[in-house]
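Visitor: Here is the input, now give the coordinates:
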Amino acid sequence: MSSALDLPALWNAWETDHLSRQGLSLLSHDEVIATIQRIVALAPGLARAEVVGHSVEGRAITLVTAGHGPFPVLLWSQMHGDEPTATGGLLDVLAYLLTHRDVPWAARILDRLTLLAIPMLNPDGAARRDRRNAQGIDINRDAQRLQTPEGRTLKAVRDRFQPEIGFNLHNQSARITVGQTKRIAAISLLSAPYDALDSTDARRLRAKKVATVIHDAVARFVPGHVARYDDPFNPPAFGDSMTMWGTSSVLVESGGWPGITPEPTLVKLNVVGLLAGLDALANGTVDQADAAVYESLPLNGREGFDLLIRGATVLDGTGLPPIVADLGVNVDRTDRLVDDRPARWTTNGWIADYGDLQLFGAMEMIDGNRLVILPGLIRPVPALTVAALLDGGSRDEARRGFTTTLVSIPTATDALREMMRRLKEQRLSCRAGLIAELDRAATEADHLLSCGNALAAGLLGLHLREPNPPVAHLSGIGRVAGWFGRTVILEINEEQIDSYVTATAAINRTFGARFLLRLTDGLTDLDRVQRAMEQATGSGVTVTGRVADSPLRTGGYPVLDAVEMVDGFVPVCDDGFILLADLTQRAPLERVARLVQRMTAATAAAFGLADRGLIRKGLAADLLVIERADDATWRPAFATVNGERV
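Guide: Model (predicted):
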């Protein structure tokens, strides 16, 4: 049997041999303790667990000792509670060594080294997914004052065992790039300094050589994605203090990797890198490593993006002429339990920057030369029930370009709560704006109270399904909607638009409620609607409906004619993506820009959705992307909802 460490075989073996769980941010202190017990049980004579301290809140800090060699090695992870990747990697390293203790290279590590591992130094922070401990202190800035029990524990372990080298395991931002390459850094390494002059003695040289070994191991699997961590001398940091105290210190920072679930790749990189470093220390080949390889690694560069579209034509939702720009999108994700299984969940996706971003890199980069980017559409009237939304409706809506769709929901309190609960537990392909559905414009107190309770629960507005409701009955609903700053949707005939615009504008001025008037038969009489809406400028009243297929006035593009000539009109369509792609192909983009403004920003304003409808830094990354298939044809490419591609 070969005594050499086979890195590709180790990389592949992780898939079946690892103990680390999916969704490491869900990893609890109890799970870590249970996993440690499983690991020690693999080889009781070679491994043992010992409680060496307690956190602020009394959680045990456990040290795992494996091997019996004369060369002690300290490894600690998750001193920042929200940095769990290496915890999984460290547990897998221990389990793999003990499971394969008869394999020559693993036996050599256990015979010549003594591994001292603290998989979770900050269990209180881990319980909160917080960088700091329960005192609110960054443990990695407590090496000198030792005001945290966790920091004192780590220092005591170091003083007791006098390790020759330590591995300080962390996560850095997943968007950090490698130097000026614009490539995401999967792993960043640092030989921690011991003085402000960045001097190198035997301790520091050994750490640099180990860092070279780790680089050479992981770069086989992620070439070009390894950087050197740039951190000046900082005595309060444990890595620097370890070197000052006589223990060589190597910082390993897990970064990012493309995809919704980068964790398996990053955990494997930790396993491969750590085992390669330990093997080199055990077999003595670390002395042959070239420290210049580590020193020549590009430093960590600037933060990039999760998605970067370069050089696209952008219609930003303001109605202004299109521009050419780069657009960077970032997405925050977390792990949640769904049906008792961990699932990756998007919590927030936003436009991180917008303009000339040529200096930046990203997880995913797209050439936008043949692309047009638009804000995602918002359906102006409800099109689905909650049941239909959950049964594939959200995916269909996103494919039609509606990144936010309105969903009908009953006002009955129990049914409302149950449906809202179901929505929170589902991963949807589009956003859902909930609208309470009413059969009639009643004025009874209990009816209005039910409406108020629905709006207080977070609904966007009320949809009165009664056609042409009595104008005299609207003030009560308008008062309730105004209290909560919400919107009322009315179903009216085009012939009666004058009276409804006058009445709803007056209610808006008195109570502040917004109104959206849906033309049940569509927009057919442009002049009538135009005259009515001229009276409603700035009154919080919007009109929506389908547009007649025949040209209205200027010819050729009836939808464009309608939005240009009727201020406050929002067209209704079944597939906004197809409509916009078709108009982009046939009409000047300046005219399409005005349509986009009405279908996005104006609709968002009608429902008080301030974070949607525009392409601006910091706003929601709800986008439509249209591509030029050839010189004559444009077609929908993809949408992003909350930053995730659909």
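Visitor: Excluding chain neighbours, what is closest to Gln535?
Guide: Val501 (6.2 Å; Cβ to Cβ, 6 or more residues apart in numbering). All C-beta atoms are positioned from the backbone trio N, CA, C, and that covers glycine.
Visitor: List the buried residues for stretch 10-25?
Guide: For stretch 10-25, the neighbour count (16 or more other Cβ atoms under 10 Å) marks 10-11, 13-14, 18, 20-21, 23-25 as buried.
Visitor: Stretch 501-509 too?
Guide: For stretch 501-509, by 16+ other Cβ under 10 Å, it's 501, 503-505, 507-508.
Visitor: can you list contacts of the helix or strand where the residue nearest to Gln535 lies?
Guide: Using DSSP states H and E, Val501 falls within helix 497-511. With contact meaning Cβ atoms under 8 Å, 6 or more residues apart in numbering, helix 497-511 is reached by 471, 474-475, 478-479, 481-483, 488, 490, 492, 513-515, 517, 519, 528-529, 531-533, 535-536, 539-541, 543.
Visitor: What is the neighbour count of the closest residue to Gln135 other than its chain neighbours?
Guide: Excluding the flanking residues, the one nearest Gln135 by Cβ to Cβ, 6+ apart is Val56, at 5.6 Å. By other Cβ atoms under 10 Å, the residues close to Val56 number 17.
Visitor: returning to that earlier point: list of residues touching the next helix or strand after the helix holding Val501?
Guide: Later in the chain than helix 497-511, the nearest helix or strand by DSSP H and E is strand 514-519. Here strand 514-519 makes contact (Cβ under 8 Å, 6+ apart) with 380-381, 461, 478, 481, 486-494, 497, 500-501, 504, 507-508, 529, 540-546, 570, 572, 606-608.
Visitor: Does Val572 touch Val559 like I think?
Guide: No - using Cβ atoms under 8 Å, Val572 is not in contact with Val559, being 10.0 Å away.
Visitor: Could you check which of these two is surrounded by more residues?
Guide: Neighbours per residue (other Cβ under 10 Å) separate Val572 from Val559, with Val559 holding more: 26 against 18.
Visitor: Make sure that one is indeed in a helix.
Guide: Yes - when DSSP: H, G, I helix; E, B strand; the rest coil is applied, Val559 is found to be in a helix.
Visitor: which residues sit in contact with it?
Guide: Taking Cβ under 8 Å, 6+ apart, we find Val559 in contact with 547, 571, 573, 579, 583, 595.
Visitor: before we move on, what about Arg612?
Guide: Arg612 sits in contact with 375-376, 378, 403-404, 600, 604, 619-620, 622, where contact means Cβ under 8 Å, 6+ apart.
Visitor: For the stretch 351-500 of the chain, just list every one of the helices.
Guide: 386-388, 394-399, 413-425, 445-456, 474-483, 497-511 (DSSP state H, counting those that start in this stretch).
Visitor: what distance separates the start and the end of stretch 61-80?
Guide: One end of stretch 61-80 sits 14 Å from the other (Cα to Cα, to the nearest Å).
Visitor: Please read the previous query as pertaining to stretch 503-521.
Guide: 21 Å.
Visitor: Report the distance from it to the chain centre.
Guide: With Cα atoms, centre = their mean, to the nearest Å as the basis, stretch 503-521 stands 37 Å off its chain's centre.
Visitor: swap in stretch 534-549?
Guide: That offset, for stretch 534-549, works out to 37 Å (Cα atoms, centre = their mean).
Visitor: And the average pLDDT for it is what?
Guide: Stretch 534-549 shows a mean pLDDT of 85 in the predicted model.
Visitor: which residues are contacting that stretch?
Guide: With Cβ under 8 Å, 6+ apart, stretch 534-549 has contacts from 380-381, 494, 497, 501-502, 504-505, 508-509, 512-524, 529, 532-533, 558-559, 562, 566-573, 602-603, 606.
Visitor: Same question for stretch 474-481.
Guide: 438, 441-443, 448, 451-452, 455, 461-462, 464, 487-488, 490, 503-504, 507-508, 510-511, 513-515.
Visitor: Please pick the buried ones from those.
Guide: Buried among those (16+ other Cβ under 10 Å): 438, 441-442, 451-452, 455, 461-462, 464, 487-488, 490, 503-504, 507-508, 511, 513-515.
Visitor: if we can go back for a sec, didn't the residue nearest to Gln135 look like it was pressed against Gln147?
Guide: No - Val56 lies out of contact with Gln147 (Cβ under 8 Å); the separation is 10.6 Å.
Visitor: List the residues that are in contact with both of these two.
Guide: Gln135.
Visitor: Please give me every residue in contact with the closest residue to Leu460 other than its chain neighbours.
Guide: Leaving aside its sequence neighbours, Leu460 sits nearest to Gly433 (Cβ to Cβ, 6+ apart; 4.5 Å). When the contact criterion is Cβ under 8 Å, 6+ apart, the partners of Gly433 are 378, 404-407, 460, 607, 609.
Visitor: now with 6 Å?
Guide: 404, 406, 460 (Cβ atoms under 6 Å, 6 or more residues apart in numbering).
Visitor: Determine how far the helix or strand where Val267 lies lies from the middle of the whole chain.
Guide: For Val267, the host element (DSSP H and E) is helix 263-283. From the chain centre to the centre of helix 263-283 is a distance of 28 Å (Cα atoms, centre = their mean).
Visitor: same check, this time on stretch 212-228
Guide: 26 Å.
Visitor: Can you point out the buried residues in stretch 254-266?
Guide: Buried-residue list, stretch 254-266, by 16+ other Cβ under 10 Å: 254-257, 262-266.
Visitor: Between the two ends of it, how far is it?
Guide: 6 Å.
Visitor: And for that stretch, what's in contact with it?
Guide: By Cβ under 6 Å, 6+ apart, stretch 254-266 touches 24, 85-86, 171-172, 174, 176, 184-186, 344, 363-364.
Visitor: Can you say which of the helices of the stretch 351-500 of the chain is nearest to Leu308?
Guide: Comparing those against Leu308 with Cβ to Cβ, the closest turns out to be helix 394-399 (21.3 Å).
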